[in-house]
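[1] predicted structure and sequence below. I'll ask about it afterward.
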Amino acid sequence: GGAVSRDKALLIMKDSRLGTYGALGLVLLLGLKATVLVELLTPRVHELDSARTSQIHQVLLLWTSMGLVWAHALSRLVPVVLTRLLPYAGDAEHAKAKPLALTVASNLPLSQSVAYVGVYGLSCGVVVLGSWGYWVAAAWSTTKKPLFAGVILIGALYAWGAHRLANHPTNYSSTKAYLVQPNHEQKATTTPSEKIDRMQDLVDLTLRYVPTTSATPYLVIWPESAFSFVITKNPHLVAWLQHRLPAQAVLLTGTTRMEGQDPDWRPYNSLAAITKGHPVAYYDKHHIVPFGEYVPFSAWLNLFFPVSALTGGGIDFQEGRGSHTLTLPKALGVIAPLVCYEAIFPLCSQSNDPQPRVIINVTNDAWFGRQVGPHQHFHLARLQAMAAGLPLIRVAMTGISAVVDSYGRVLQMQPLSTRGVLETYIPE
């Protein structure tokens with residue numbers, strides 16, 4: 001399976017909306033519960049004065065809103081708790097928070113406001129939408145204003161979003177990038193020979209698409225954990241990659257690096273920039289996954305039983321130094337690197353960092369299989385890129401890899417569980 005066009009990508013996005021529609025249905029259902037209560041209480045409400053009726057309306061609205069917030073909280077907590085009880089604790093990162101804004105992520109015009117209010121602001125708007133049914137039903141016998149007000153507001157937001165998209169077409173820079181999706185399945189363990197075979201496969205797949213000679217430098221992007229050895233312990237593999245890749249290629253790959261000395265190693269889940277004639281540059285993931293990459297309170301818990309073993313090797317991953325940009329070699333500019341589920345959090349670079357030109361998100365969603373998780377993860381990353389006002393290049397081990405402009409338009413996409421390389425100019 002090779003790259004797909006933008007139109008085909010949008011069709012694939014529509015296929016992924018089952019979870020989105022289900023979440024929206026839950027929101028509306030919770031909003032309607034107050035409507036049912038109003039209908040049940042209507043005979044008594046008519047016997048009360050207007051002040052008392054207004055108080056009842058306020059209490060019911062508060063209850064409905066709290067119900068929505070509680071449902072959102074449960075959507076964050078319950079999957080995380082359940083995954084702790086399963087053997088694959090590493091999958092916990094994909095059971096993380098899924099803001100209610102996800103319910104409108106597939107609707108580009110309606111989701112444009114995320115650029116001004118952020119993902120959580122858009123989530124608040126979804127809460128208001130869930131309560132709209134109550135306001136319409138509560139006032140139905142006396143006025144239709146809430147109905148018309150809601151229709152006008154939603155229509156105005158949609159029209160404004162469509163106008164914003166129409167007046168800001170996608171522009172491209174002159175820098176090319178190659179997004180490599182190898183579709184390597186997830187395994188609990190891999191032998192050193194299997195790791196070498198996978199890296200050789202990545203190199204072969206890359207060299208089938210990238211130019212061997214080029215007048216200008218370009219990016220090659222591999223997914224999270226593609227360099228499956230500890231990079232700082234295997235400099236000969238770095239030299240091998242520098243030898244195999246064309247001179248103008250700058251490779252960005254997910255890897256693990258170590259600091260310190262045995263037995264006090266400090267491992268990091270990292271993104272490495274590798275090219276000929278330059279030292280390797282690193283970005284270290286700073287939003288690490290509880291129980292997947294480290295065990296909270298492990299020093300205390302180890303007094304009773306060896307919980308650190310859950311993360312593999314008995315060593316917890318360390319947090320990176322925080323959100324920051326990475327300046328690429330060969331004058332390819334500044335990027336905002338994000339590893340895996342870091343892309344679902346608001347982008348907060350250090351104040352003294354140069355302005356990035358693009359968000360580069362490498363991830364490994366193979367834990368999900370072909371379920372709804374990879375689609376949710378992709379749409380959340382897309383929303384955060386829209387909120388930051390930056391284009392997004394996302395490269396996943398098994399999908400979904402994609403190129404998204406700063407307004408959320410999917411320009412290219414490599415579908416889930418397919419293998420291929422996307423060739424693109426980096427959007428501006």
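    Alright, I've got the coordinates.
[2] just the helices from the stretch 251-400 of the chain, written as ranges.
    298-301, 373-388 (DSSP state H, counting those that start in this stretch).
[3] quick one: those as CSV, columns for mean pLDDT too.
    Formatted as CSV, the helices of the stretch 251-400 of the chain follow (pLDDT from 0 to 100):
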stretch, mean pLDDT
helix 298-301, 70
helix 373-388, 87
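[4] residue 273: which of these is closest?
    Nearest to residue 273 among the helices of the stretch 251-400 of the chain is helix 373-388; the distance by Cβ to Cβ comes to 20.3 Å. All C-beta spots, glycine's among them, are computed from the backbone N, C-alpha and C.
[5] could you list the low-confidence segments of the stretch 251-400 of the chain?
    298-299, 302, 305-314, 348-352 (pLDDT under 70).
[6] name the SS class of residue 183, please.
    coil (DSSP: H, G, I helix; E, B strand; the rest coil).
[7] before we move on, which element is residue 135 in?
    helix 114-139 (DSSP states H and E).
[8] against residue 105, how distant is residue 315?
    In this view, residue 315 and residue 105 are 36 Å apart by Cβ to Cβ, to the nearest Å.
[9] ok, these two, which is more surrounded?
    Legend: neighbour count by other Cβ atoms under 10 Å for residue 315 and residue 105, higher for residue 105 (26 against 16).
[10] dump the residue contacts of that one.
    20, 111, 379-380, 382-383 (Cβ atoms under 8 Å, 6 or more residues apart in numbering).
[11] neighbour count added to these, as TSV?
    Listed next are the contacts of residue 105 as TSV, based on neighbours: other Cβ atoms under 10 Å:
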residue	neighbour count
20	21
111	26
379	26
380	22
382	26
383	26
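[12] closest to residue 320 among the residues you listed?
    Nearest to residue 320 among those: residue 380, at 20.4 Å, using Cβ to Cβ.
[13] so which bits of stretch 149-157 are buried?
    For stretch 149-157, a neighbour-count test (16 or more other Cβ atoms under 10 Å) marks 150, 157 as buried.
[14] what's the answer for stretch 389-403, then?
    So, applying 16+ other Cβ under 10 Å, buried residues of stretch 389-403: 390-403.
[15] now do stretch 182-199
    Of all the residues in stretch 182-199, those buried under the rule 16+ other Cβ under 10 Å are 182-184, 186, 198-199.
[16] now the residue most central in space within the chain, nearest residue through space, not along the chain?
    In the chain, the centroid-proximal residue (Cα atoms, centre = their mean) is residue 381; its distance is 3.0 Å. Spatially, and ignoring its direct neighbours in sequence, residue 381 is nearest to residue 343 (3.7 Å; Cβ to Cβ, 6 or more residues apart in numbering).
[17] how much space separates the one you found from residue 319?
    17 Å.
[18] the more surrounded of those two?
    Set residue 343 next to residue 319 and count neighbours by other Cβ under 10 Å: residue 343 wins out with 25 against 15.
[19] pull the contacting residues for the more buried one.
    359, 361, 363, 377, 380-381, 384-385, 392, 394.
[20] again with residue 229
    Neighbours of residue 229 in contact, by Cβ under 8 Å, 6+ apart: 192, 195, 237, 255-256.
[21] so it is in which element?
    strand 227-230.
[22] quick one: name whatever helix or strand follows that strand.
    Following strand 227-230 in sequence, per DSSP H and E, is helix 235-244.
[23] report the rounded mean pLDDT for that following helix.
    Across helix 235-244, the average pLDDT comes to 93.
[24] chain neighbours aside, what residue packs nearest to residue 139?
    Of all residues beyond its chain neighbours, the one nearest residue 139 is residue 146 (5.2 Å), with distances taken as Cβ to Cβ, 6+ apart.
[25] what's in contact with the host helix or strand of the one you found?
    Here residue 146 sits within helix 145-166, counting by DSSP H and E. Residues outside helix 145-166 that contact it (Cβ under 8 Å, 6+ apart) are 108-113, 129, 132, 135-136, 138-140, 407, 409.
[26] ok, what's across the strand from residue 427?
    Beta-bridge partners of residue 427, counted by DSSP bridges, are residue 172.
[27] can you check residue 294 too?
    Under the criterion used (DSSP bridges), residue 294 bridges to residue 290.
[28] test my guess that it contacts residue 288.
    Yes - with contacts counted by Cβ atoms under 8 Å, residue 294 reaches residue 288, the gap being 5.6 Å.
[29] which neighbours do the two share?
    Contacts common to residue 294 and residue 288, judged by Cβ under 8 Å, 6+ apart, are 317-318.
[30] between these two, which has more neighbouring residues?
    Using other Cβ under 10 Å, the more surrounded residue of residue 294 and residue 288 is residue 288, with 22 against 18.
[31] who's in contact with the closest residue to the more buried one other than its chain neighbours?
    Spatial nearest neighbour of residue 288, chain neighbours left out: residue 317 (5.2 Å); criterion: Cβ to Cβ, 6+ apart. Contacts for residue 317 (Cβ under 8 Å, 6+ apart) come out as 267-269, 285, 288, 293-294, 311.
[32] kindly report the same for residue 203.
    Listed by Cβ under 8 Å, 6+ apart, the contact partners of residue 203 are 241, 244-245.
[33] looking at those residues, which is nearest residue 217?
    Nearest to residue 217 among these is residue 245, at 11.5 Å by Cβ to Cβ.
[34] residues contacting the residue nearest to the closest one when sequence neighbours are not counted?
    Residue nearest to residue 245 in three dimensions, not counting chain neighbours: residue 251, with 5.9 Å by Cβ to Cβ, 6+ apart. Residue 251 makes contact with 220-222, 241, 245, 272-275, according to Cβ under 8 Å, 6+ apart.
[35] so which of the buried residues of stretch 389-403 belong to strands?
    392-396, 401-403 (DSSP state E).
[36] now those residues as a markdown table including distance to residue 261?
    Output for these, formatted as a markdown table (distance: Cβ to Cβ, whole Å):
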| residue | distance to residue 261 |
| --- | --- |
| 392 | 38 |
| 393 | 36 |
| 394 | 36 |
| 395 | 33 |
| 396 | 34 |
| 401 | 37 |
| 402 | 41 |
| 403 | 41 |
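[37] for those residues, which one is nearest residue 420?
    Checking these one by one against residue 420 (Cβ to Cβ), the nearest turns out to be residue 401, at 8.5 Å.
[38] that closest one and residue 414 touch, don't they?
    Yes - under the criterion of Cβ under 8 Å, residue 401 makes contact with residue 414 at 4.1 Å.
[39] quick check: neighbours shared by those two?
    By Cβ under 8 Å, 6+ apart, the residues touching both residue 401 and residue 414 are 179, 181, 422.
[40] are any of those buried, and if so which?
    So, by 16+ other Cβ under 10 Å, the buried ones in those are 179, 181, 422.
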